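A.B. asks: okay, here's the prediction I keep looking at, along with the sequence it came from:
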Amino acid sequence: MSISPSDDAFDLARAAADRLRARTSVDSFDVALVMGSGWVPAADALGDPATELPVTELPGFAPPAVEGHAGRIRVVEVAGRRALVFLGRTHLYEGRGVAPVVHGVRTALAAGVGTVVLTNAAGGLRPERQRVGDPVLIADHLNLTGANPLTGATFLDMTEAYSPRLRALAREVDPTLGEGVYAALRGPTYETPAEIRMLRTLGADLVGMSTVLETIAARQGGAEVLGISLVTNIAAGLTDGPLDHEEVLAAGRDAAARMGALLATVLSK
Ligand SMILES: Nc1nc2[nH]c(I)nc2c(=O)[nH]1
């Protein structure tokens, strides 16, 4: 018998799923999409929501670190599938611990979701083949956060953490999509040039501060995962000049709108 993470984390996810069902009058959902920084235009392209609510209406969700769209959930029918669209997420760097970072995914799985799409904004480590604004499919990850949502003898296979089937579907829809290894660090600092050189040596192609813990939680719950990064800056030391977070978000917004059509098409398959 595997020793799963503390039961209260799963009890809280079940309570949040029950409240979500009651609030949306939807008994079960098919797919969850977590829209990272700059991905709100993609969420808008998925279609008009039947319901939209602040996550704080559900147990276990903290108010968003930054006001605005982040911290809201939309219920949208995407290609005939009942979708939960999370606008924004909790990051490890907020210091709330690991469980809140994966609470959204666990809530979605408790509400019946079998497919989880994780999007994020990331730094690009391969300027020779990446441009700001490029979407990149996540083929695999390096969890360098020093954290894990699982505890105890939960020895989870992570061989195909990012669904080969969904990645092939995405490439069928958009053959220009590249793939890469996503390295997650705790943050909130961006990397030093020396750390970027280390990550390139380790085989990473993208760097960010999210996604990997959500992927682990989704895989523990048996869900298929599709991960997509939007390269919103070329990582530190690989171009001249410092990183400016506002520029980074603007680049993400420009490219994210076309991602909405891609996601809707992939989910229709
Ligand atoms: N760690 C890290 N996270 C990021 N998020 C974005 I957007 N760009 C970066 C980056 O260059 N490094």
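C.D. replies: Received, thanks.
A.B. asks: any idea how far the nearest residue to residue 143 once chain neighbours are set aside is from the ligand?
C.D. replies: Taking CB to CB, 6 or more residues apart in numbering, and ignoring the residues beside it in sequence, residue 143 has residue 212 as its nearest neighbour in space, at 4.5 Å. In short, each C-beta sits where N, CA and C put it, glycine included. Separation of residue 212 from the ligand (CB to the nearest ligand atom, to the nearest Å): 12 Å.
A.B. asks: tell me who's in contact with residue 212.
C.D. replies: Shown in contact with residue 212 (CB atoms under 8 Å, 6 or more residues apart in numbering): 141, 142, 143, 145, 182, 184.
A.B. asks: secondary structure and pLDDT added to those, as JSON lines?
C.D. replies: Converted to JSON lines, these look like this (DSSP: H, G, I helix; E, B strand; the rest coil; pLDDT from 0 to 100):
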{"residue": "141", "secondary structure": "strand", "pLDDT": "98"}
{"residue": "142", "secondary structure": "strand", "pLDDT": "98"}
{"residue": "143", "secondary structure": "strand", "pLDDT": "98"}
{"residue": "145", "secondary structure": "coil", "pLDDT": "98"}
{"residue": "182", "secondary structure": "strand", "pLDDT": "98"}
{"residue": "184", "secondary structure": "strand", "pLDDT": "98"}
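A.B. asks: most neighbours out of the residues you listed, which is it?
C.D. replies: Within the contacts of residue 212, most neighbours by other CB atoms under 10 Å means residue 182, with 29 neighbours.
A.B. asks: wait, it sits on residue 143?
C.D. replies: No. The criterion here is CB atoms under 8 Å, and residue 182 misses it with residue 143 at 9.6 Å.
A.B. asks: which of the helices or strands spans residue 103?
C.D. replies: Assigned by DSSP states H and E, residue 103 falls within helix 99-110.
A.B. asks: export that helix as CSV, just CAs?
C.D. replies: Only the C-alpha atoms of helix 99-110 are listed here, as CSV (Å, rounded to 0.1, in the frame of the first residue of the first chain):
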residue,chain,number,x,y,z
ALA,A,99,0.6,21.7,-1.4
PRO,A,100,-0.9,25.0,-2.6
VAL,A,101,1.2,24.8,-5.8
VAL,A,102,-0.5,21.6,-6.9
HIS,A,103,-4.0,22.2,-5.2
GLY,A,104,-5.5,23.3,-8.5
VAL,A,105,-4.4,20.2,-10.4
ARG,A,106,-5.5,18.0,-7.5
THR,A,107,-8.9,19.7,-7.4
ALA,A,108,-9.3,19.2,-11.2
LEU,A,109,-8.5,15.5,-10.9
ALA,A,110,-11.0,15.2,-8.0
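A.B. asks: what mean pLDDT does that helix get?
C.D. replies: Within the predicted structure, the mean pLDDT of helix 99-110 is 97.
A.B. asks: and that helix, what does it pack onto?
C.D. replies: Other elements packing on helix 99-110 under the criterion 3 or more CB pairs under 8 Å, 6 or more residues apart in numbering; DSSP states H and E are helix 7-24, strand 31-35, strand 81-87, strand 115-124, helix 212-220.
A.B. asks: if we use 10 Å, what do you get?
C.D. replies: For helix 99-110, the helices and strands in contact under the criterion 3 or more CB pairs under 10 Å, 6 or more residues apart in numbering; DSSP states H and E are helix 7-24, strand 31-35, strand 72-78, strand 81-87, strand 115-124, helix 212-220.
A.B. asks: got CSV for those, with mean pLDDT too?
C.D. replies: Conversion of the helices and strands packed on helix 99-110 to CSV gives the following (pLDDT from 0 to 100):
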stretch, mean pLDDT
helix 7-24, 96
strand 31-35, 96
strand 72-78, 95
strand 81-87, 96
strand 115-124, 96
helix 212-220, 98
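A.B. asks: how about CSV for these, with distance to residue 267 added?
C.D. replies: Formatted as CSV, the helices and strands packed on helix 99-110 follow (distance: least, CB to CB, whole Å):
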stretch, distance to residue 267
helix 7-24, 18
strand 31-35, 6
strand 72-78, 5
strand 81-87, 6
strand 115-124, 8
helix 212-220, 16
